[in-house]
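Student: Starting from these lines, generate the structure:
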Amino acid sequence: MSVDIVLKETKPKMEQVVDDFKRQLANVRTGRATVGILDGVSVDYYGSPTPLNQMASVSVPEPQMLVVQPWDASQIGEIEKAINQANLGLNPSNDGKLIRLQIPALNEERRREMAKQIGDIAEQHRVAIRNVRHHANGVLKQMTKDKEISEDEEHKGLDEVQKLTNTYTGKIDDLAKTKEEEIMSV
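Tutor: Predicted coordinates for the structure are as follows:
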């Protein structure tokens, strides 16, 4: 194994952390209706948990409203129940054919809470990136100990891993800052 292999294994792991962060940010409400709000909702469909987006179409007819139209109208009650259980702070209204979700405007206190929540999620992902760095550094040090690479190669590898870490934590910081600005300006 060489330093290049360690770097090639480290980079995708860090990219996965950033991708996961993007997915989690999509689930944070901004006061505007987005279909991503319902991504985490799972419906009990004849005894098996099924993602909502596999049972219904979700649309945004107005900036403050989501409409969920089940493909199987008999499941509308289960879908409504799942949305309530997801604890999203949304109040579904059901007319027998579709479910309307009014997205409440965010007050200042709620905006600050959400900005703090984004900061917490960002920190969890920065820690995950540092854990990937820690693992890669451990592999490099072990390779030096086993005489697979020289100390110079180890130092070069450690520097490259640190550069990757800085790049990916920077991406997380930028995404978090953008989302916080979006929440505070709605």
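Student: And what about the residue most central in space within the chain, helix, strand or coil?
Tutor: Central residue of the chain (Cα atoms, centre = their mean): residue 24, 1.9 Å from the mean position. Look at residue 24: counting by DSSP: H, G, I helix; E, B strand; the rest coil, its state is helix.
Student: Cross-check the contact I'm expecting between it and residue 121.
Tutor: Yes. The pair residue 24 and residue 121 qualifies as a contact (Cβ atoms under 8 Å) at a distance of 5.3 Å. In short, each C-beta sits where N, CA and C put it, glycine included.
Student: Could I get the buried residue list for the longest helix along the chain?
Tutor: Longest helix of the chain, by residue count under DSSP state H: helix 108-145. When neighbours are counted by 16 or more other Cβ atoms under 10 Å, the buried residues of helix 108-145 are found to be 111, 114-115, 118, 121-122, 125-126, 128-129, 132-133, 136-137, 139-140, 143-144.
Student: what's the pLDDT at the residue of the chain most remote from its centre?
Tutor: Of all residues in the chain, residue 147 has its C-alpha farthest from the mean position, at 40.1 Å, by Cα atoms, centre = their mean. According to the prediction, residue 147 has pLDDT 91.
Student: repeat for the one 4 residues further on
Tutor: Predicted confidence (pLDDT) for residue 151: 90.
Student: do the one 10 residues further on as well
Tutor: On the pLDDT scale, residue 161 is placed at 94.
Student: before we move on, what about residue 31?
Tutor: Confidence score, pLDDT, at residue 31: 65.
Student: got it, and the one 4 residues further on?
Tutor: Residue-level confidence at residue 35 comes out at 75, pLDDT.
Student: Now it: closest residue in space that isn't a chain neighbour?
Tutor: residue 58 (4.5 Å; Cβ to Cβ, 6 or more residues apart in numbering).
Student: what angle separates whichever strand or helix holds residue 169 from helix 108-145?
Tutor: Using DSSP states H and E, residue 169 maps to helix 151-185. Per axes from the mean of the first three to the mean of the last three Cα atoms, to 10 degrees, the angle that helix 151-185 makes with helix 108-145 is 170 degrees.
Student: Distance from the chain centre to helix 151-185, please.
Tutor: Distance of helix 151-185 from the chain centroid (Cα atoms, centre = their mean, to the nearest Å) equals 17 Å.
Student: same question, stretch 150-162
Tutor: So, by Cα atoms, centre = their mean, the centroid of stretch 150-162 is 31 Å from its chain's centroid.
Student: That concludes my questions; thank you for your assistance.
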